[in-house]
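>>> sequence unavailable; structure follows:
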């Protein structure tokens, strides 16, 4: 599946990822609100993290072939040194994965990635949802009969501070999706 997904790069719109259940296709291009949220989260994280860590928003994917998972988080908290080399990032080197919920496939961020990210050991998964102005941080991977799962979920609303791994950032001023496609920032509380 990985080779098939890579063969599609640049030929069809959207983003393809591999899960245990098959291929996920987010066929919509990210909106301005989505990309602005990603940018603001990256900047806020990098302001409070140690210099050797980065909040990376580019390529490549994160892959664990043994688990059958190839994903591409919107923001990957990773040591700069772990970015060296060739191929996909090893998910065990990620400190955290951050996703901004896509308007076209929210179930992927709230369902599939909550299931997939603990499989290769990504210790923290944070979800920001511009549809609702809320989110959650998942932590504490533990074994279950169906495989590793996050044991702890901490919900938050835009305007509150949120802790991702060891760092706390504000969520005020993050854009929201609106029906007309133009995002309005959430008012700070």
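Here it is on my side, so go on. Just so we're clear, the structure is a prediction, and the values are computed from it rather than from any experiment.
>>> all contacts plus neighbour counts: C-alpha atoms, from now on.
Will do.
>>> which SS state does residue 40 fall under?
Classification of residue 40 using DSSP: H, G, I helix; E, B strand; the rest coil returns helix.
>>> thought it was touching residue 174?
Yes - between residue 40 and residue 174 there is a contact at 7.4 Å, judged by Cα atoms under 8 Å.
>>> of those two, give the one with the bigger neighbour count.
Between residue 40 and residue 174, counting by other Cα atoms under 10 Å, residue 174 is the more crowded of the two (26 against 16).
>>> all helices for this protein, in order.
Secondary structure of the chain (DSSP state H): helices located at 2-8, 32-48, 106-107, 113-116.
>>> which one, of those, ends up nearest to residue 166?
Comparing the helices of the chain against residue 166 with Cα to Cα, the closest turns out to be helix 32-48 (9.3 Å).
>>> tell me the most buried of the helices of the chain?
Stretch with highest mean neighbour count among the helices of the chain: helix 113-116 (a mean of 20; mean count of other Cα atoms under 10 Å).
>>> OK, contacts around the residue sitting nearest the centre point of the chain?
Nearest to the mean C-alpha position of the chain, by Cα atoms, centre = their mean, lies residue 99 at 2.6 Å. The contact partners of residue 99, taken as Cα atoms under 8 Å, 6 or more residues apart in numbering, are 73, 74, 75, 109, 125, 126, 127, 128.
>>> among the residues you listed, which are in strands?
Counting by DSSP state E, the contacts of residue 99 place 75, 125, 126, 127, 128 in strands.
>>> could you check how far the residue nearest to the centre of the chain is from residue 90?
Noted for residue 99: a distance of 18 Å to residue 90, by Cα to Cα, to the nearest Å.
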